[in-house]
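Student: Structure of the sequence below:
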Amino acid sequence: MKVEYVNPFVSSGHNILEMVLQQTPSKGQLTALPSTFTSEQLNVTLGVTGDIMGTVIYGMSMVTADKIASTMIGQPIKTFDELAASAIAELCNMISGNAMTLLSEAAFVCDIAPPTLIRGANCKISTFSIPAIVVPFILTQGIFKVTVGLKSRK
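Tutor: The predicted model follows:
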């Protein structure tokens, strides 16, 4: 995995989380994986196409998702409903969109697919053996993981 594919998601994740949640996230220990696997209870996946292809997965516990959605909506989430799901998906879309802008500025032509929200623990999502880097962001709401599995189309 090339660092120039991951850095835009790290930078964008930090900036968007700080802007939306009004706090400065800290970055946890990065982990390299041979392919993408997530054991989080809630995952948002986005496909990337163009010069770079693959998948980005945003994963978190349901408790963290509830707390993040509550912060975004401005009221407590009692059950993770469509409004909460929409808030989480939009947060992930914002991070990905900003990362695409940064990739474009680095001369990569690529685009993202609409987000897909997946609930359930121990979910395995295949990236066809594309190596992945997991970037955990530590928030007061919990840990928000960004798993970047991208490679050059060439």
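Student: Could you pick out the longest strand of the chain?
Tutor: When the chain is parsed with DSSP state E, its longest strand is strand 142-152.
Student: Remind me what that one packs against, helices and strands.
Tutor: helix 3-21, strand 52-60, helix 62-73, strand 132-139 (3 or more Cβ pairs under 8 Å, 6 or more residues apart in numbering; DSSP states H and E). All C-beta atoms are positioned from the backbone trio N, CA, C, and that covers glycine.
Student: buried sites along the longest one?
Tutor: So that's helix 3-21. 5-10, 12-17, 20-21 (16 or more other Cβ atoms under 10 Å).
Student: One more: stretch 105-121?
Tutor: Phe108, Cys110, Ile112, Pro115, Leu117.
Student: how far out from the middle of the chain is the host helix or strand of Ala89?
Tutor: Element membership of Ala89 [criterion: DSSP states H and E] is helix 82-105. In terms of Cα atoms, centre = their mean, to the nearest Å, the centre of helix 82-105 is set 8 Å apart from its chain centre.
Student: what's the following helix or strand past that helix packed up against?
Tutor: The helix or strand immediately downstream of helix 82-105 is strand 110-112, counting by DSSP H and E. Helices and strands touching strand 110-112, by 3+ Cβ pairs under 8 Å, 6+ apart, are strand 42-50, strand 52-60, helix 82-105.
Student: what comes into contact with strand 110-112?
Tutor: 46-53, 56, 93, 96-97, 100, 103-104 (Cβ atoms under 8 Å, 6 or more residues apart in numbering).
Student: Nearest to Lys78 among these?
Tutor: Checking the contacts of strand 110-112 against Lys78 with Cβ to Cβ, the nearest one is Asn93 at 24.2 Å.
Student: Okay, the nearest residue to the closest one once chain neighbours are set aside and Ile57: tell me how far apart.
Tutor: Distances taken as Cβ to Cβ, 6 or more residues apart in numbering put Pro115 closest to Asn93, at 5.3 Å, once the chain neighbours are dropped. Noted for Pro115: a distance of 10 Å to Ile57, by Cβ to Cβ, to the nearest Å.
Student: residues shared between the contacts of the two?
Tutor: In contact with both Pro115 and Ile57: Val44, Thr45, using Cβ under 8 Å, 6+ apart.
Student: just the buried members of the contacts of strand 110-112?
Tutor: The buried subset of those (16+ other Cβ under 10 Å) comprises Leu46, Gly47, Val48, Ile52, Met53, Val56, Asn93, Ser96, Met100, Leu103.
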